[in-house]
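1. Quick one, structure for this:
(3 chains)
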Amino acid sequence: MSGSVIHWFRKGLRLHDNPALLKALALAEEKKHAFYAVFILDTWFVKQATVGVNRWRFLLDSLSDLDASLKNLGSRLYVLRDSPENVFNTIIKDWNVKALTFESDTEPYAKSRDETIRKLAKSHHVEVHEYCSHTLYNPNEIIQANNGATPMTYQKFESLVKKIGHPKSPLDSPISIPSNIHSIDGKKYLVPTLDDLEVDQTGLGPHLYRGGETEALKRLEMKLKRQEWICKFSKPQTSPNSLEPSTTVLSPYLKFGCISPRLFYHKLLSVISGKKHTEPPTSLVGQLLWREFFYTVGSVTPNFDQIQGNKICKQIPWSDDPELLEAWKLGKTGYPFIDAVMTQLRTEGWIHHLARHSVACFLTRGDLWQSWVAGVKVFDEYLLDADWSLNNANWMWLSASSFFYQFQRVYSPIVFGKKTDKNGDYIKKYLPKLKKFPSEYIYEPWKAPLNIQKAAGCIIGQDYPKPIVDHDVVRPRNLERMSLAYKGLPIENSAYSAAASKEDDINTKKRKVVSDSTKSKKQKIERKQKSVASFLKKK
DNA sequence: TCTGGCGTTGTTCCC
DNA sequence: GGGGAACAACGCCAG
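-> Down below sits the predicted model:
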């Protein structure tokens, strides 16, 4: 009886530019082995990781699409449900496996998982072939080009990839697949449904982004047609709160590998070459390089997803307040822009990069002073494109824990959104309770006189929450905390904390109703600032 | 070892 | 309303 070759899909849910898949097919052809495409619904992800229902759906979409594409070539996808170790222990014998191929992965869990499988394969004399195709470059190659050091700035990173040159060209999809010669029950190992997985479907939102390679390629082609838009693309100029996404929304497809970053990269090059165009870091190519940068740092930094033991992460003593975290998570902070963004995230699974900045800054150094690790977990649950390296890196960035250190630049939960959506149409879309508020008050509805609140059918504090913190109060407090934390001093030394406890000042009343009158609020802050100034003088 | 330049995406104020 | 400076001031990196 002849053996079989398995290509193990994990990320890289595509046929195009898939070197490990091509290797499996070549081996099967050469050795006259059967070929099996396998995906394992890893119980670790079901039990340990919190994956929201929208991303489950995206994954199942992607698997169905992959299955359909494989069927077009006379094969199919086998979806097995268990730990990879258990699965391979069983099928190596039952399916008489001689070779295994997969795409390499840089995340800690994947690394240890793959090490286990490598050992298992070796003990059964199964040859293993791994290829790097989830990123433009092999992260090790970049570290090597930097003499073994981790590049810590984008500029540095860019200089390294310039030295290396363009990434390899993408490979074509296979045009045929050797037929299976083993008989495996055709009804077994089908792509499951959400019901099969017993996923709680109460949070299932509108199906805006269908997963899979077919959709990814369609979306890419659609975006590539807009040549002028691509040439002029500059990330900071795109809007975080447009009613339709102002960027490509290819990130979920990149996360699952429904699309190859190398294909994306080279297609972009062919569009911009010979034309006037924007450059990294703000251009679209620049966006792919940011992804690459964070993948590189994430692949070699121990405890990248934690504060403790993470050498690149500033040790900032964040608070742990489950109520504040929950209010932020559920979009009940009382700041409409923040709440609208969090609502879009929770229901649709995608928000604009700058919207992520706003809410991440708000949760951490800007307003709520909660740990960025808590934010990572919420994004990891809700985002379709939740990607371990990128998620952790961006949260460190926004909390000014690493990469970015100009902590005095704080996003205003009121001002920032106004720049690109003066009328607050975005807020009205995601927070329909507020849709009758006049634009004048849409970013600060608590300031609207009661008669206007009544006319809008929404009383603040009753139908929509009052702000859980006063931005004008917590912002300067947090700035000082950041300054102390950067100096390695405890934040209890903060003049604000001391002055507050001494004079029972507003700092201690974070959940207290925010004053209706701007005037009195301003007076309050002035009083506070005076008391802090005199406190500092005494020191 | 020190120093000056600089950093994808802040806000406010002023012209 | 668009553009530029002030605000206050960090760490990384090249020289």
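2. Break chain A into its domains for me.
-> For chain A, automatic domain parsing gives the domain ranges A:1-133, A:213-300, A:322-521.
3. Relative to DNA strand C, which of those domains is closest?
-> domain A:322-521 (3.7 Å; Cβ to the nearest atom of the strand). (Each C-beta comes from the backbone N, C-alpha and C, glycine too.)
4. what does the stretch 301-450 of chain A have sitting close to DNA strand C?
-> Contact residues, the stretch 301-450 of chain A versus DNA strand C (Cβ under 7 Å from any atom of the strand): A:405-408.
5. so which of these are also by DNA strand B?
-> Among those, the residues within reach of DNA strand B (Cβ under 7 Å from any atom of the strand) are A:405-406, A:408.
6. Mind putting these into CSV with secondary structure?
-> As requested, those are arranged in CSV below (DSSP: H, G, I helix; E, B strand; the rest coil):
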residue, secondary structure
A:405, coil
A:406, coil
A:408, coil
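7. out of those residues, which are buried?
-> With burial judged by 16 or more other Cβ atoms under 10 Å, the buried subset of these is empty.
8. in the longest strand seen in chain A, what's buried?
-> Longest strand of chain A, by residue count under DSSP state E: strand A:34-42. Within strand A:34-42, the residues that qualify as buried by neighbour count (16+ other Cβ under 10 Å) are A:34-42.
9. Run the chain-centre distance for it.
-> Offset of strand A:34-42 from its chain centre (Cα atoms, centre = their mean, to the nearest Å): 26 Å.
10. what's the spacing between the residue most central in space within chain A and residue A:361?
-> Centroid-nearest residue in chain A: residue A:386, 3.4 Å away (criterion: Cα atoms, centre = their mean). Distance, residue A:386 to residue A:361, by Cβ to Cβ, to the nearest Å: 19 Å.
11. element containing residue A:473?
-> Using DSSP states H and E, the element containing residue A:473 is helix A:471-486.
12. Please list the residues of the stretch 101-250 of chain A that sit near DNA strand B.
-> So far as Cβ under 7 Å from any atom of the strand goes, the stretch 101-250 of chain A lies against DNA strand B at A:153-155, A:234-236.
13. do that again at 6 Å, thanks
-> A:153-155, A:235-236 (Cβ under 6 Å from any atom of the strand).
14. These also near DNA strand C: which ones?
-> Among those, proximity to DNA strand C is found for residue A:153 (Cβ under 6 Å from any atom of the strand).
15. Just the buried residues out of the residues of the stretch 101-250 of chain A next to DNA strand B, in ChimeraX syntax.
-> To isolate the buried members of those in ChimeraX, using 16+ other Cβ under 10 Å:
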select /A:154,235
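16. Could you dump the residues of the stretch 101-250 of chain A next to DNA strand B into CSV with pLDDT, distance to residue A:184 and secondary structure added?
-> Putting those into CSV (pLDDT from 0 to 100; distance: Cβ to Cβ, whole Å; DSSP: H, G, I helix; E, B strand; the rest coil) gives the following:
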residue, pLDDT, distance to residue A:184, secondary structure
A:153, 95, 51, coil
A:154, 95, 48, helix
A:155, 93, 52, helix
A:235, 92, 47, helix
A:236, 91, 52, helix
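17. Would you mind saying which of the domains of chain A lies nearest residue A:175?
-> Nearest to residue A:175, of all these, is domain A:1-133, at 7.7 Å by Cβ to Cβ.
18. any idea of the mean pLDDT in that closest one?
-> Confidence for domain A:1-133, expressed as mean pLDDT, is 95.
19. so which of the residues of the stretch 101-250 of chain A next to DNA strand B comes closest to residue A:376?
-> Set against residue A:376, the nearest of those by Cβ to Cβ is residue A:154 (20.6 Å).
20. residue contacts, that closest one?
-> Counting by Cβ atoms under 8 Å, 6 or more residues apart in numbering, residue A:154 touches A:281, A:289-290, A:293.
21. pLDDT value on residue A:179, please?
-> On the pLDDT scale, residue A:179 is placed at 75.
22. who are the neighbours in contact with it?
-> By Cβ under 8 Å, 6+ apart, the residues touching residue A:179 are A:74-75.
23. Check whether it sits in a helix, strand or coil.
-> Here residue A:179 is coil, with the state taken from three-state DSSP.
24. Pull up the gap between it and DNA strand B, please.
-> Noted for residue A:179: a distance of 46 Å to DNA strand B, by Cβ to the nearest atom of the strand, to the nearest Å.
25. Now do the strands in chain A.
-> Listed in chain order (using DSSP E), the strands of chain A are A:4-9, A:34-42, A:77-82, A:97-103, A:127-131.
26. Flag every buried residue along the third one.
-> For strand A:77-82, burial by neighbour count (16+ other Cβ under 10 Å) applies to A:77-81.
27. what sits against the closest residue in space to residue A:204 that isn't next to it in sequence?
-> With sequence-adjacent residues excluded and distances taken as Cβ to Cβ, 6 or more residues apart in numbering, residue A:204 is closest to residue A:53, at 5.0 Å. By Cβ under 8 Å, 6+ apart, residue A:53 lies in contact with A:194, A:199-204.
28. Could you rerun that using 7 Å?
-> Residues near residue A:53 by Cβ atoms under 7 Å, 6 or more residues apart in numbering: A:194, A:199-201, A:203-204.
29. ok, now residue A:461?
-> Residues in contact with residue A:461 (Cβ under 7 Å, 6+ apart): none are found.
30. The one 10 residues further on now?
-> Counting by Cβ under 7 Å, 6+ apart, residue A:471 makes contact with A:367, A:412-414.
31. same thing but at 6 Å, please
-> Listed by Cβ atoms under 6 Å, 6 or more residues apart in numbering, the contact set of residue A:471 reads A:367, A:413.
32. Up against DNA strand C, what does chain A have?
-> Counting by Cβ under 6 Å from any atom of the strand, chain A comes close to DNA strand C at A:151-153, A:156, A:405-406, A:408, A:483, A:486.
33. Which members of the residues you listed are the farthest-apart pair?
-> Pairwise distances across the residues of chain A next to DNA strand C peak at 27.3 Å for A:151 and A:483 (criterion: Cβ to Cβ).
34. Nice, that's everything, thank you.
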